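S.K.: Provided below are the primary sequence and the corresponding predicted coordinates.
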Protein chains: 2
Amino acid sequence: MFRLDEGIKFQMKKNDILTVGELLIDMISEEYDEDINSNLFHKYFGGSPANIAMNTKKLGIQSLLASAVGDDGFGKFLLNHLRKEDIDSSNIQVMDQSTSMVVVTKSKATPIPIFYRGADYQLAYTSQLEQVLLHSKIVHFSSWPISMKPARNTIEKIIKTAKNNGILICFDPNYHSMLWQKDEDGVAYIKSIIRDVDIIKPSEDDAERLFGKDTPENQIEKFLKLGAKLVIMTLGKDGVLVSNGKETMRSQTLAKEVVDTTGAGDAFWSGFYSAVVKGYTIKEAVQLGSAVSAFKLKYTGAVVELPSLEKIKELFEL
Amino acid sequence: MFRLDEGIKFQMKKNDILTVGELLIDMISEEYDEDINSNLFHKYFGGSPANIAMNTKKLGIQSLLASAVGDDGFGKFLLNHLRKEDIDSSNIQVMDQSTSMVVVTKSKATPIPIFYRGADYQLAYTSQLEQVLLHSKIVHFSSWPISMKPARNTIEKIIKTAKNNGILICFDPNYHSMLWQKDEDGVAYIKSIIRDVDIIKPSEDDAERLFGKDTPENQIEKFLKLGAKLVIMTLGKDGVLVSNGKETMRSQTLAKEVVDTTGAGDAFWSGFYSAVVKGYTIKEAVQLGSAVSAFKLKYTGAVVELPSLEKIKELFEL
């Protein structure tokens, strides 16, 4: 049971958080265009677990990233970017497949991405990966690696090892049907692994893709029934709703200025993780997550120049 | 036996040539850069069989294209482009996978492409495809569809139907190891299908990838030994070397100005096909292929505004 006015007790470990999942190229169109008639595309560093690793490091905790890229120009670009950001790249596996990519047209409505999966789902459970896992307090993974084998098998082994060793298991249920093979029921699989998850942070869209439309309160109930221990549901401008099944809290948004929503969810996770590692209660960590997200929203880009968590706390008078 | 000073006798058919294979996005970097550090990419219409279909139509024969694209923005873009070029798009299968893409950095040396295979290799042998094949004089395919199943099975069925119905079988052996699965021997497979091929047009690079370095004369011998009936080897600035195993001819290049070599091989095929369909001898068709290629070399882009074959003949005083 995660009590909202208590912190999370961690064992002493060398590393605070290990994020596992996609590290990829975001290829984004120059102009707003619904039909990808745009001729010019910009290449960006991408991947939510990579963003969280970079954010949490900026906020002041120890982070590691486990991913897989291709042995190609895009893979080199991603590895170089991580090194520039001072992120340890020794757990990035370099595979024979092409570096994964998502093509997106800039859009004021919901853009329809085109997914090019390559190296990302080749992530292997190596003894090196097991070692960094065993030396981490928290393991975080996204929906990408569980959507295709062999990465799915890797995550299943990670979950097993984490459970056996008291490592906090956190899952970003960013389900997208196009990530899954046509003959597989991704929704059923995601539901089946929630029983092993400690903390889950769905957005309203995530919940709707899994359960259909419903109120946030009802959606949270469904995640709890499936076995999640703590559900943090982000509601955009309506803030955050949190429940452990006994206690519920709502946190208002701290955002006053919204320039770009890209990476706002990752920023929330990053603030939350940094706070619980630093000993804050869950209630405080949720507020600090909201504060980091609000800070990010003022700037363009998935990863922005975050100050330390302490500085964020001061800025938002928390 | 294809005698060099004779034409090719075709049955009366509604369509002249059916090209089968990749229809895809070429994503090409803005700047010259060996490491894909370039941030800006341009999206282009691509795929050699599609280029040949468009070229031959401009040159004045009937052409059809069979390919597969994804049900996404890129697929729509490719279909729209074909329609603009007045190419029948009813044999383009729309599949669940993402539209295939090749990412290339502009380079003065040999660029290293990154391949993203999706819809292209899903090409199915449908009764519609069989019908357009049966109504065609020539079927042309590239190495893309044979590199992965189920498209490989489709090509095998196409070859069988073509052989049983006296349709000319032409193959572009543009082998690239990265198109094949790691555990498959693409070279051995390509060699194995050459026995069923009437006309093959390797470049020197194609031959080297299949057989290693050797003289053009020796490379041609190898293709003939594998069962090709007519080998047309393009040698860049050194022209074209042709052999049916008994007779050999060399054609000098007709290019005086080289602005962009992209699509020069497709332009050769296009001129050659248009000429044999129009009743020219193989010798004449090789020269007309060289002429169309020389015309293309003066302009930038894989597909340029070709005039009719008769106009090309006049321009090059053939």
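M.R.: Received the coordinates, thanks. Residues are numbered from 1 along each chain as shown, chains lettered A, B, ... in the order given.
S.K.: right, and A:Lys57 touches A:Ile87 too?
M.R.: Yes. At 6.5 Å, A:Lys57 counts as touching A:Ile87 under the criterion of CB atoms under 8 Å. (Glycine included, C-beta is placed from N, CA and C.)
S.K.: Go through the residues of the stretch 201-318 of chain A and report the one nearest to chain B.
M.R.: When distances are taken as CB to the nearest CB, the stretch 201-318 of chain A reaches nearest to chain B at A:Gly301, 13.3 Å away.
S.K.: I'd say that residue and A:Asp260 touch.
M.R.: Yes. With contact defined as CB under 8 Å, A:Gly301 counts as touching A:Asp260 (6.8 Å).
S.K.: Just give the nearest non-adjacent residue to the closest residue to chain B within the stretch 151-300 of chain A, would you?
M.R.: Evaluated by CB to the nearest CB, the stretch 151-300 of chain A has A:Lys182 as its residue closest to chain B, separated by 5.5 Å. The shortest distance from A:Lys182 to any non-neighbouring residue, by CB to CB, 6 or more residues apart in numbering or on different chains, is to B:Asp96 (5.5 Å).
S.K.: Quick check: beta-bridge partners of the closest residue to chain B within the stretch 101-250 of chain A?
M.R.: Using CB to the nearest CB, the closest approach of the stretch 101-250 of chain A to chain B is made by A:Tyr116 at 4.3 Å. On the basis of DSSP bridges, A:Tyr116 is bridged to A:Met101.
S.K.: which element is A:Gln131 on?
M.R.: Per DSSP states H and E, A:Gln131 falls inside helix A:127-134.
S.K.: Look at the nearest residue to A:Phe316 once chain neighbours are set aside and give its secondary structure.
M.R.: Distances taken as CB to CB, 6+ apart put A:Ala291 closest to A:Phe316, at 4.1 Å, once the chain neighbours are dropped. Using DSSP: H, G, I helix; E, B strand; the rest coil, the structure places A:Ala291 in helix.
S.K.: quick one: the strands in the stretch 101-250 of chain A?
M.R.: If DSSP state E, counting those that start in this stretch is used as the criterion, the strands of the stretch 101-250 of chain A fall at A:101-106, A:114-116, A:136-141, A:168-171, A:199-200, A:230-234, A:240-243, A:248-251.
S.K.: got these as JSON lines, with mean pLDDT and mean neighbour count columns?
M.R.: Formatted as JSON lines, the strands of the stretch 101-250 of chain A follow (pLDDT from 0 to 100; neighbours: other CB atoms under 10 Å in any protein chain shown):
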{"stretch": "strand A:101-106", "mean pLDDT": "86", "mean neighbour count": "22"}
{"stretch": "strand A:114-116", "mean pLDDT": "95", "mean neighbour count": "24"}
{"stretch": "strand A:136-141", "mean pLDDT": "98", "mean neighbour count": "26"}
{"stretch": "strand A:168-171", "mean pLDDT": "98", "mean neighbour count": "23"}
{"stretch": "strand A:199-200", "mean pLDDT": "98", "mean neighbour count": "25"}
{"stretch": "strand A:230-234", "mean pLDDT": "97", "mean neighbour count": "25"}
{"stretch": "strand A:240-243", "mean pLDDT": "97", "mean neighbour count": "22"}
{"stretch": "strand A:248-251", "mean pLDDT": "95", "mean neighbour count": "16"}
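S.K.: Quick check: which ranges of the stretch 51-200 of chain A have low pLDDT?
M.R.: The model of the stretch 51-200 of chain A has pLDDT under 70 over residues A:106-110.
S.K.: In it, what residue comes closest to chain B?
M.R.: For the stretch 51-200 of chain A, the residue closest to chain B is A:Gly73, as judged by CB to the nearest CB, at 2.9 Å.
S.K.: Wait, that residue touches B:Thr105, no?
M.R.: Yes. With contacts defined as CB under 8 Å, A:Gly73 counts as touching B:Thr105 at a distance of 6.5 Å.
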